[in-house]
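>>> Would you be able to build a 3D model of this:
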Amino acid sequence: MFNKSIFTKQQLKFMLLNLIAFSVIFTIFSIIIFGQVQRTLYSHADEELLLFKERLTNNMFDNEAAGFRPQLGNEGQNKVFPPKDKKENPNPRITVIHWGYGGKIVNKDEIGTLFYENYLQDYQLDKTKIDEITTTTINDLYDFRYILFKDTNNQDDIAYTQLLINVDAEQTIISNFERLVIICSIIFTILSISASFILSKKMMKPIIQSWNKQAEFVENASHELRTPLTIIQNKLELLLTSPNERIADKFENIALSLSETRRLSKLTSDLLTLARADSSETELTLQTVDVDAFVRKVCAPYQEIAESQEKHFWLNLKCPINIKVDETRFHQLLVILLDNALKYTSESDSIGVKTYVDDHKAVIEVTDTGIGIKEKNLPYIFDRFYREDKARSRETGGVGLGLSIAQWIVEKHKGSIKAVKNKNKGTTFIIKLQK
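The predicted structure follows:
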């Protein structure tokens, strides 16, 4: 019923939008997590560098005054240890490099020949980042965090002091985490495609259902409108073939045309009501009414009609409370149910209206002992244009819109309506409305 190519394109569009949304969210999340992990891993090393710089600046770690003695580590790296009686020890991974005014390292001996020749001989001083903690790689193998600051002592040959701390372990963790994020991104992309496809199908499902209902509604409405129009047209054409005939001779044709006109008018009115209901244009004007008094007033003419058709009409009104309803719509609701009860009952059948209070709600039951509704068809009776027996409905003038309107009226009043099959014969419609 629906245009498959249009819905396929729309589904692909929804799928693409979902995929983009998932990707953006995961990318932002990954960047935040990766940045946080990186900052966390480097935070301790950065704190050590800043603390060491502060101590050096305050001359707390002057090698001669404090008795520091440089030592060569396993990798030939200069290790600076304070005296044994010092309680606050710097990180042994930190290496101190003093740069002269000519851009050369002036403390080669303190650093250690092995470490200098293997790693620092070709290392160039970068003056672009002063007093900033920066990451650098030496010999394309080892990763260091360092801070470079100017020497404040003008009586020596030292222009800059650089503190380096090895962060190979941290960098390894970051690299592994980066690979993990990439792998997770690939997996997430695959999952996102699957999830986007599933979500797009679910998003399209109500749209397709709505489209099908709309198409079915238009098709049924067109059919129902076309039938009375065709009858009226045929009867009028017959009248034109005998212009000299008297009205009495063509009474049946005129009467049938008027009947179909009335039917057409009611149908267009019902369609307009449902159209306004769909667009939420219709607003209720709530007024306080006495349930029993209102029901008795609406049922009065139907009681007379039932008696004229030799049907039993009874009332059992036990709901002496007031509720807020739109009187016009509430009247229309009862009329729809009573009309159906009269249409689908025969002589000697009974029609009754019962009211009572249940769980602080006003309950109205419209019962009949007519032909009833099959159990399997009960879930569909409120669908638009649904008729259990189309041929029989045609004879009674029904088009299958009354119960749809009834359901809309009840739901607009924030109530509920349902139909149940009577034990013996017929159907009961139960309406519950809030006080």
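
>>> Residue most distant from the centroid, this protein?
Residue farthest from the centre of the chain, counting by C-alpha atoms, centre = their mean, is residue 155 at 71.5 Å.

>>> Can you tell me the SS state at that one?
coil (DSSP: H, G, I helix; E, B strand; the rest coil).

>>> what's the answer for the one 5 residues further on, then?
Put simply, residue 160 is strand when judged by three-state DSSP.

>>> State the distance from the closest residue to it other than its chain neighbours to residue 130.
With sequence-adjacent residues excluded and distances taken as C-beta to C-beta, 6 or more residues apart in numbering, residue 160 is closest to residue 99, at 4.2 Å. For the C-beta atoms, the positions are set from N, CA and C on the backbone; glycine is no exception. Distance, residue 99 to residue 130, using C-beta to C-beta, to the nearest Å: 12 Å.

>>> The two: who's more crowded?
Per other C-beta atoms under 10 Å, whichever of residue 99 and residue 130 has more neighbours is residue 99, with 21 against 11.

>>> Need the mean per-residue confidence for the helix or strand hosting that one.
If you go by DSSP states H and E, residue 99 is part of strand 94-100. Here strand 94-100 scores 87 as its mean pLDDT.

>>> Report all helices and strands that the helix ranked longest in the chain contacts.
Longest helix in the chain by number of residues (criterion: DSSP state H): helix 168-241. Judged by 3 or more C-beta pairs under 8 Å, 6 or more residues apart in numbering; DSSP states H and E, helix 168-241 is in contact with helix 4-57, strand 142-150, helix 251-278.

>>> Show the subsequent helix or strand relative to the strand holding residue 99.
With DSSP H and E, the next secondary element past strand 94-100 is helix 108-111.

>>> what's the following helix or strand after that next one?
helix 113-115.

>>> Contact partners for residue 164?
94, 95, 97, 144, 145, 146 (C-beta atoms under 8 Å, 6 or more residues apart in numbering).

>>> ok, so what distance separates residue 219 from residue 212?
10 Å.

>>> Just the closest of the contacts of residue 164 to residue 116, please.
Residue 116 lies nearest to residue 97 out of those, by C-beta to C-beta, at 9.4 Å.

>>> The longest helix of the chain vs strand 142-150, what angle?
100 degrees (axes from the mean of the first three to the mean of the last three C-alpha atoms, to 10 degrees).

>>> and helix 168-241, how far out from the chain's middle?
14 Å (C-alpha atoms, centre = their mean, to the nearest Å).

>>> now the angle from it to helix 251-278?
160 degrees.

>>> Do you have the strands of the stretch 251-400 of the chain handy? List them.
286-290, 312-317, 322-326, 350-358, 361-368 (DSSP state E, counting those that start in this stretch).

>>> Quickly compare those and say which is most buried.
When these are scored by mean count of other C-beta atoms under 10 Å, the highest mean neighbour count falls to strand 361-368 (a mean of 22).

>>> Pairing partners for that one, with directions?
Strand pairing for strand 361-368, determined by DSSP bridges: strand 350-358 (antiparallel), strand 427-434 (antiparallel).

>>> And those: which comes nearest residue 420?
strand 427-434 (5.2 Å).

>>> mind checking how far stretch 275-294 is from the chain centre?
31 Å.

>>> Now stretch 27-41: average pLDDT?
87.

>>> which other residues reach it?
With C-beta under 8 Å, 6+ apart, stretch 27-41 has contacts from 167, 170, 173, 174, 177, 178, 181, 184, 185.

>>> what about the closest residue to the third one other than its chain neighbours, distance to residue 374?
Excluding the flanking residues, the one nearest residue 173 by C-beta to C-beta, 6+ apart is residue 41, at 6.0 Å. Counting by C-beta to C-beta, the gap between residue 41 and residue 374 amounts to 72 Å.

>>> Looking at these two, which has the bigger crowd around it?
residue 41 (17 against 11).

>>> Pull the number of nearby residues for residue 291.
For residue 291, using other C-beta under 10 Å, the count is 24.

>>> What are the structural domain limits within this protein?
7-175, 286-434 (automatic domain parsing).

>>> Serialize the helices and strands packed on helix 168-241 to JSON lines and add fields for distance to residue 233.
Listed next are the helices and strands packed on helix 168-241 as JSON lines, based on distance: least, C-beta to C-beta, whole Å:
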{"stretch": "helix 4-57", "distance to residue 233": "36"}
{"stretch": "strand 142-150", "distance to residue 233": "91"}
{"stretch": "helix 251-278", "distance to residue 233": "9"}
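
>>> Pop out the phi and psi values for the residue nearest to residue 378 when sequence neighbours are not counted.
Closest residue in space to residue 378, ignoring its immediate chain neighbours: residue 419 at 5.6 Å, by C-beta to C-beta, 6+ apart. Taking degrees, to the nearest 10, you get phi -120, psi 140 for the backbone angles of residue 419.
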